[in-house]
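1. Turn this into a model:
(chains A and B)
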Amino acid sequence: MAGGEELMLLGKWPSPFVTRVQIALGLKGLSYEYVKQDLKNKSELLLTSNPVHKKIPVLIHNGKPICDSSIIVQYIDEAFPDSGAAFLPLDPYDRAVARFWTAYIDDKFVPASAQAFMGKTEEEKAEGTKNLVTAVETLEGAFGSDAEGKKKPFFGGDTVGIADIALGAMISRVRASEVLTGFKIFDAEKAPLLAAWAERFAELDAAKKVLPDVDGVVEFAKMRLAEAAAASGN
Amino acid sequence: MAGKDDVKVLGVVVSPFAIRVRIALNMKGVSYEYMEEDLTNKSELLLSSNPIHKKVPVLIHGGKPICESLVIVQYVDEVFPGAAVLPSDPYDRAVARFWAAYVDDKMFPPMVAFLLAVTEEERAAKAEETLAAMAQLEKAFGECSGGKPFFGGDSIGYVDLALGSNLQWLETSYQMFGVALLDAVKTPLLTAWAKRFVEADAAKGVVPDTALAVEFCKKLRAR
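-> Predicted coordinates for the structure are as follows:
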């Protein structure tokens, strides 16, 4: 890494949005300082770095903050073009496809998985689960094929791309909700490509190092559910 | 006759998402065939080009569809030569993406909710939310423009497209409900910017007359 490059990541375990950034930094072989945040007592640094949303992750590069996990991942790719494989292909059409799937993951998969799990009523949760099943079926169709028709290992093709990072960082949360609800999301029978992709992604060094451990996320989720129940007076 | 370079846009004349794509194409001097969609009776072409979302806009370039307005704008920027929509510096690009996302995630939803609101209370609440977003965007304009005419500097950029494509709806809020969501007193910089935006060559004829938007809104409210 070039001398004089200072990278700081404001984050909190087990946020999958923070994990996205950690994976991206890991794939590029970049060192950074991780600064744990307390979201119930937000730091001056967080409030000044992300005054608009006051959320994590925030990446601070040489003192300049970048916010929003998908924007940060693209920033890392563009600011460090000589470190590791690019997260986006060269061809503009293929780039548009990758961005489409990343937007799909953010706009459809993430909210559906949150609602399926943390929905306030059984109806809300059921709707979330329905949307999640649709999202999974749709994403199953997102894998490209090579000239011989063999499926590519990642959304990004032969190497990890922005869509892989966007969804891959969710793996611990997905596994934890599978444990808690008994409902298989990356179901090897219903979504074999996605199930295989999840195994493959979780084995990557850059992912293994930072994906939160599933048992820990299960406990964290139980705590969040209990807090939500208490807050709503149930 | 479809050529490998033919450009088609499927859109709705009042849709900010379609408008921004068309302005981007104009900025690049790209001629395209525009097809107006009736969202209550979607064309076969729309349904087959955007099977996942079935939404406009869709750009079809040489027969290949690209969906999602900001994805399309970035594609147009990367494929066609001419004025750059996104800046070249990675940090500036991240800032532009941030504010474009802010327009779509924080300004557009309450604005639409305002226009479709059934009760006075809901309308008031959504007006407040939209005005709060506009106040943030006023600050952002100051920061991004650096004293220049547009968010993008000397010429229209990514954030200009994202916000400027909503101007007919901001005007509709005033014409239909007497509420100025783009308020000359509260957001003077944006008010001046809006005039410049609609007069820009690339935007002329694409940002529709407010009358069209009012009619569209009335139809939606009636449903």
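
2. only C-alpha atoms for contact and neighbour calcs from this point on.
-> Noted.

3. residues contacting residue B:121?
-> If you count contacts by C-alpha atoms under 8 Å, 6 or more residues apart in numbering or on different chains, residue B:121 has none.

4. In contact with the residue nearest the centre of chain B, which residues?
-> The centre of chain B sits closest to residue B:165, judged by C-alpha atoms, centre = their mean, with a distance of 2.7 Å. Contacts here follow C-alpha under 8 Å, 6+ apart; on that basis residue B:165 touches B:15, B:16, B:17, B:19, B:20, B:207.

5. can you check residue B:70 too?
-> The contact partners of residue B:70, by C-alpha under 8 Å, 6+ apart, come to none.

6. so how far is the strand or helix carrying it off the chain centroid?
-> With secondary structure defined by DSSP states H and E, residue B:70 is part of helix B:69-79. Between the mean C-alpha point of helix B:69-79 and the mean C-alpha point of its chain there is a distance of 13 Å (C-alpha atoms, centre = their mean, to the nearest Å).

7. Could I get the CA-only coordinates of the following helix or strand past that helix as PDB?
-> Toward the C-terminal end, the helix or strand that comes next after helix B:69-79 (DSSP H and E) is helix B:90-102. Extracted C-alpha coordinates of helix B:90-102, given in PDB (Å, rounded to 0.1, in the frame of the first residue of the first chain):
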ATOM      1  CA  PRO B  90     -12.900   8.700  -7.000                       C
ATOM      2  CA  TYR B  91     -13.800  10.900  -3.900                       C
ATOM      3  CA  ASP B  92     -15.900  13.300  -5.900                       C
ATOM      4  CA  ARG B  93     -17.600  10.300  -7.600                       C
ATOM      5  CA  ALA B  94     -18.400   8.900  -4.100                       C
ATOM      6  CA  VAL B  95     -19.900  12.300  -3.000                       C
ATOM      7  CA  ALA B  96     -22.000  12.500  -6.200                       C
ATOM      8  CA  ARG B  97     -23.300   8.900  -5.700                       C
ATOM      9  CA  PHE B  98     -24.100   9.700  -2.100                       C
ATOM     10  CA  TRP B  99     -26.300  12.800  -3.000                       C
ATOM     11  CA  ALA B 100     -28.000  11.100  -5.900                       C
ATOM     12  CA  ALA B 101     -28.900   8.200  -3.600                       C
ATOM     13  CA  TYR B 102     -30.100  10.800  -1.000                       C
END
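
8. average model confidence for helix B:90-102?
-> Confidence over helix B:90-102 (mean pLDDT, whole number) is 98.

9. Please parse chain A into its domains.
-> A:7-79, A:92-230 (the TED database).

10. re the thing from before, in the helix holding residue B:70, what counts as buried?
-> Judged by neighbour count using 16 or more other C-alpha atoms under 10 Å in any protein chain shown, the buried positions of helix B:69-79 are B:69, B:70, B:71, B:72, B:73, B:74, B:75, B:76, B:77, B:78.
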